[in-house]
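quick one, structure for this:
(one chain, ligands or ions: 1)
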Amino acid sequence: MSVEVPAGLRELLQAFALEALRRQPADVLDFALQYFADLRDARGEVREPGAAKAVSFAQETLSANSEDDEDDEEFAAPIVNRFVRRASVCAEAFNPDDEEEDKEPRITCPKTDEQRQRLQEACKDILLFKNLDLEQMSQVLDAMFEKFVEAGEHIIDQGDDGDNFYVIESGTYNIFVKMDGVERSVGSYDNRGSFGELALMYNTPRAATIVATSAGALWCLDRLTFRRIIVKNNSNKRKMYEAFIETLPLLKLLEPSERMKVVDVLSSKVYRDGEQIISQGDTADCFYIVESGLVRITMKRGESKKGLENGEVDIAQCSRGQYFGELALVTSKPRAASAYAVDNVKCLVMDIQAFERLLGPCMDIMKRNIAHYEEQLRTLFGSQSETEDENA
Ligand code: CMP
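All right, here's what the predicted structure looks like:
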């Protein structure tokens, strides 16, 4: 006997099963009732184009799929869950000014107060979020959802299409990049940071594989919300910083398109007069370019330098267009000096992963500075510098 499977039934049940597995509801029946009721409501909303209403979890699934199904007159059942990889996004044109994306229903993933607090904490240092206004930030937080991972789990596989951007709440993760058929570990994340932005920003396949090396928790931002808010925001940022970035000698080796990628990952930070920007001995995770104001670089030289104010000596100053904080990133050592704002200072800040990924071609220029720093220290302190001692 042959039984015809109604169109969309398989996908509908698959999406539901995945959602239930992910959320582990205490009462599956209640969960199912809520899930399908939400789905039915969402179908009503989607039939009203442009309705920007908050949607709950079943609707998120729908909207993640709806851009793929723009030609469908009706919302027929095939639902692709966020966790099912997208068919192909790479053919989509990158157009941050495309107003169409604004018309998609806004995604809201309900959270407990405790979850929201943890989410805010995890997101507070994410550079890509730093330039968002309050409304944009609140839309981003509303849309994010939690995912627990096991050691050994592949969060992202190089070459796949991009589904989510990830913010780490906990856990350790390895980064692997395959080049010429050989996969190499190129870095790791340790209980902080974010990844998965490249494929969403540039509509390219995933550039690296990310594997959890411990159990952990991630906050995920769906591709649609990422593009609607972060990518759009970046296009404004590009307009703002284009001219400044072009004047920076450090970046002159980069292609114009590479320079724009640098702008995309920079965030702007303001420091008050006297505020400490970096502290000698700290672990380094950022690199800075001075946008305005003056930055004092100071160094402590141990017990022998008693009598100096706080034991610190001024060793350099950085003004507009100059950069600092790269040495520790280049040498993978703790901060060799401290930096303080003189008057009000505005800096562009780039995190270590973006630094390694994007500024590879500029590394030689930065390495040349190491010799210069050592010369400077010899002049100031006379004896062999600590940088030299450590490098010996
Ligand atoms: P995406 O390409 O979307 O997915 C893999 C992610 O790994 C990538 O975005 C970056 O966020 C992150 N990543 C970290 N280090 C690297 C690297 N060296 N090359 C490429 N991607 C990297």
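
so which residues of the stretch 251-392 of the chain form helices?
256-265, 327-331, 352-358, 363-381, 386-391 (DSSP state H, counting those that start in this stretch).

distance between the first one and the chain's centre?
Taking CA atoms, centre = their mean, to the nearest Å, one finds the center of helix 256-265 at 15 Å from the center of the full chain.

can you give me the strands in the stretch 151-300 of the chain?
154-156, 164-170, 172-179, 182-190, 194-195, 209-212, 216-222, 267-271, 276-278, 286-300 (DSSP state E, counting those that start in this stretch).

what about the fourth one, near the ligand?
Pointing back at strand 182-190 there. Yes: under the criterion of CB under 6 Å from any ligand atom, the ligand is reached by strand 182-190 at V186, G187. In short, each C-beta sits where N, CA and C put it, glycine included.

that strand pairs with which strands?
strand 172-179 (antiparallel) (DSSP bridges).

just the buried positions in stretch 275-284, please.
Going by neighbour count (16 or more other CB atoms under 10 Å), the buried part of stretch 275-284 is I277, I278, Q280, A284.

what does stretch 170-187 give?
G171, T172, Y173, I175, F176, G187.

contact partners of it?
149, 155, 158, 188-191, 195, 207-218, 353, 356 (CB atoms under 8 Å, 6 or more residues apart in numbering).

buried subset of these?
Buried among these by 16+ other CB under 10 Å: 149, 155, 158, 189, 195, 207-212, 216, 218, 353, 356.

so which bits of the stretch 251-392 of the chain are right by the ligand?
Counting by CB under 6 Å from any ligand atom, the stretch 251-392 of the chain sits next to the ligand at Q353, E356, R357.

the second one contacts L329, correct?
It refers to E356. Yes: applying CB atoms under 8 Å as the test, E356 and L329 come out as touching, 7.5 Å apart.

mind checking which of the strands of the stretch 151-300 of the chain is nearest V231?
strand 164-170 (10.4 Å; CB to CB).

as JSON lines, the buried residues of stretch 275-284 with pLDDT would be great.
Putting those into JSON lines (pLDDT from 0 to 100) gives the following:
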{"residue": "I277", "pLDDT": "97"}
{"residue": "I278", "pLDDT": "97"}
{"residue": "Q280", "pLDDT": "95"}
{"residue": "A284", "pLDDT": "93"}
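
which of those sits closest to V5?
So of the buried residues of stretch 275-284, ranked by how close each gets to V5 (CB to CB), first place is A284, at 56.8 Å.

how about that closest one: what's its closest non-neighbour residue?
Leaving aside its chain neighbours, A284 sits nearest to A328 (3.4 Å; criterion: CB to CB, 6 or more residues apart in numbering).

for R118, same thing?
Using CB to CB, 6+ apart, the closest residue to R118 is E169 (6.1 Å).

how about that neighbour, what does it touch?
Applying CB under 8 Å, 6+ apart, the residues near E169 are R118, L119, E121, A122, E146, G216, A217, L218, W219.

quick check: which ranges of this structure have low pLDDT?
1-2, 22, 41-104, 302-310, 383-392 (pLDDT under 70).

run the last query once more with 50
45-94, 304-307, 385-392 (pLDDT under 50).

my read: N234 touches L266, true?
No: checked against CB under 8 Å, the pair N234 and L266 is beyond contact range at 9.7 Å.

who's more crowded, those two?
L266 (27 against 21; other CB atoms under 10 Å).

skipping adjacent residues, who's closest to the more buried one in space?
Excluding the flanking residues, the one nearest L266 by CB to CB, 6+ apart is L348, at 4.4 Å.

count of neighbours near the one you found?
22.

how close does it sit to the ligand?
19 Å (CB to the nearest ligand atom, to the nearest Å).

before we move on, what about A122?
16 Å.

likewise for E374?
From E374 to the ligand the distance is 29 Å (CB to the nearest ligand atom).

and that residue, how many neighbours does it have?
Neighbours around E374, by other CB under 10 Å: 16.

now do R23
Neighbour number of R23 under other CB under 10 Å is 13.

for the residue nearest to it when sequence neighbours are not counted, grab the count of nearby residues.
Residue nearest to R23 in three dimensions, not counting chain neighbours: F31, with 7.1 Å by CB to CB, 6+ apart. Per other CB under 10 Å, the neighbour tally for F31 reads 17.

quick one: F31 from the ligand, how far?
31 Å.

who does S194 bridge with?
Here S194, judged by DSSP bridges, has bridge partners V167.

surely V349 meets V262?
No: in this structure V349 lies outside contact range of V262 using CB under 8 Å: 11.8 Å.

look at the two and report which has more neighbours.
Between V349 and V262, counting by other CB under 10 Å, V262 is the more crowded of the two (22 against 19).

ok, the nearest residue to that one once chain neighbours are set aside - how many residues close by?
Distances taken as CB to CB, 6+ apart place L358 nearest to V262, at 5.4 Å, with adjacent residues excluded. If you count neighbours by other CB under 10 Å, L358 ends up with 19.

what's the answer for F148, then?
15.

from here on, call the first residue 875.
Yep, numbering from 875; the last one is F1022 now.

tell me the strands beside the helix or strand harbouring it, with direction?
Element membership of F1022 [criterion: DSSP states H and E] is strand 1019-1023. Note on strand 1019-1023: by DSSP bridges, its sheet partners are strand 1090-1096 (antiparallel).

does the partner strand come close to the ligand?
No: on the criterion CB under 6 Å from any ligand atom, strand 1090-1096 is out of touch with the ligand, staying 11.9 Å away.

how far off centre is that strand?
Using CA atoms, centre = their mean, the offset of strand 1090-1096 from its chain centre is 11 Å.

run through who's touching that strand.
For strand 1090-1096, with CB under 8 Å, 6+ apart as the criterion, the contacting residues are 934, 938, 956, 981, 993, 996-997, 1014, 1017-1023, 1029, 1037-1047, 1065, 1104.
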